[in-house]
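[1] Below is the sequence, then the predicted model.
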Amino acid sequence: MPAPDALRGQSRTIGLALVPLALAVADGIRVRRQLDAARRDPLTGLPGRDALTQQIGRLARTDRELLHVLVADADGLKTLNDTQGHHAGDVLLAAIGQRLGVWARARGGLAARLGGDEFAAAVLLDPSVSVRELRALRETVAQPVKGWPAIRPRLSIGAARAADLPHAADASRLLRGADMAMYRVKTGVQECGYLATVHDAYTPTVNGRRPGRDGTHLPTA
C-alpha cells in the first residue's frame, strides 16, 4: 500500500493534470457564449434566421402536429421613425422582440428577428386554440411600452402549421407560407389568426421574394 506522502503526491499530480482540461472546458464554454451573443441581434437580443431554421427542423421531427411557424411584421414603424425619431423606432422593435421572445419560450419554441421590422417564431400550439393564441399574442404585444406610453407595438401576424403542409415541406417552405399568411393579414385580405394553405406555402417567388415585397416588380434575369 503506498505511503500517505506518496498518495498525496499522486493526488497533486492528478490535480495539476486536470487543471489544463478544466481551463480548456471553461474556455470552450466562454467561446460558445461569445459566439452565441455575436449571432444575436443587438437591438432585440433575438437570434437570426439560421437559429430559427434549426429550431423549426428540430420541432418538425419531434412535434410536427403541434408545430406552428409565425412571421410577424411591425405596423407603423416608418411613421413612428418619421414623427418621433429613430430612437422611438428602436424602442418599438426592442419591445416587440422581448415580448415575442417571452411568448415563444413559454410555448416550447424560439423567436427570431429576420431583419428590419420583420420577426418570426417557431412554437408548439394545440391546433384547437392556435387562432386564439395568435390573436392574444397580437394584444399582448400591443400593450404600451414602459416609459413610452404613446408607443403601442402593433403586429400583422401570419402562421403556417406544419401538419397542414406536405410532410416534405421544410423550414423554408413553412416560413414562406407564414410570410404569405402575414401579407394577407397585413393587406386586410384575411384576419389575424389566418393559417397558411398549401397554395400559400408554394406560391412562386419573384426574384426570390414573396410577391408584393419591394423589388418584386423588377423583371427576373
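    Received it, and whenever you're ready, just let me know what you need.
[2] excluding its backbone neighbours, what's nearest Asp90?
    Distances taken as CB to CB, 6 or more residues apart in numbering place Leu43 nearest to Asp90, at 5.9 Å, with adjacent residues excluded. From N, CA and C alone the C-beta is placed, and that goes for glycine too.
[3] Next, the contact list for Arg161, please.
    Leu67, His68, Pro127, Ser130, Leu195, Ala196 (CB atoms under 8 Å, 6 or more residues apart in numbering).
[4] Now render those as TSV, adding distance to Val145.
    As requested, these are exported to TSV (distance: CB to CB, whole Å):
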residue	distance to Val145
Leu67	30
His68	26
Pro127	32
Ser130	27
Leu195	29
Ala196	30
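[5] which SSE is Gly158 in?
    Following DSSP states H and E, one finds Gly158 within strand 154-161.
[6] what does the average pLDDT come to for the helix or strand following that strand?
    Heading C-terminal from strand 154-161, the first helix or strand you meet, by DSSP H and E, is helix 171-186. Across helix 171-186, the average pLDDT comes to 96.
[7] Could you number the chain from 809 rather than 1 from now on?
    Sure, I'll start counting at 809 from here, so that last one is helix 979-994.
[8] contact partners of helix 979-994?
    So helix 979-994 is contacted by 860-861, 864-865, 868, 875, 877-881, 883, 928, 964-968, 970, 973, 977, 998-1000, 1002-1005, 1008-1011, 1013, 1018, 1020 (CB under 8 Å, 6+ apart).
[9] and it with strand 962-969, angle?
    Using axes from the mean of the first three to the mean of the last three CA atoms, to 10 degrees, the inter-axis angle of helix 979-994 relative to strand 962-969 is 140 degrees.
[10] re the thing from before, give me the buried positions along the strand holding Gly966.
    Leu963, Ser964, Ile965, Gly966, Ala967, Ala968, Arg969 (16 or more other CB atoms under 10 Å).
[11] pLDDT weak spots in the chain?
    809-817, 819, 821-846, 1014-1029 (pLDDT under 70).
[12] can you give me the strands for it?
    Using DSSP state E, the strands of the chain run over 875-883, 918-923, 926-932, 962-969.
[13] ok, the residue nearest to Asp898 - how many residues close by?
    Close neighbours of Leu851, defined as other CB atoms under 10 Å, add up to 13.
[14] need the contact list for it.
    Asp898, Leu901, Ala902, Gly905, Arg921.
[15] Send me the strand holding Gly966 as CSV with only the CA atoms.
    C-alpha atoms of strand 962-969 as CSV (Å, rounded to 0.1, in the frame of the first residue of the first chain):
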residue,chain,number,x,y,z
ARG,A,962,-48.8,46.5,-33.5
LEU,A,963,-48.1,43.4,-35.5
SER,A,964,-49.5,41.8,-38.6
ILE,A,965,-49.1,38.1,-37.9
GLY,A,966,-49.4,35.1,-40.2
ALA,A,967,-48.7,31.5,-39.4
ALA,A,968,-48.2,28.1,-41.1
ARG,A,969,-49.0,24.8,-39.3
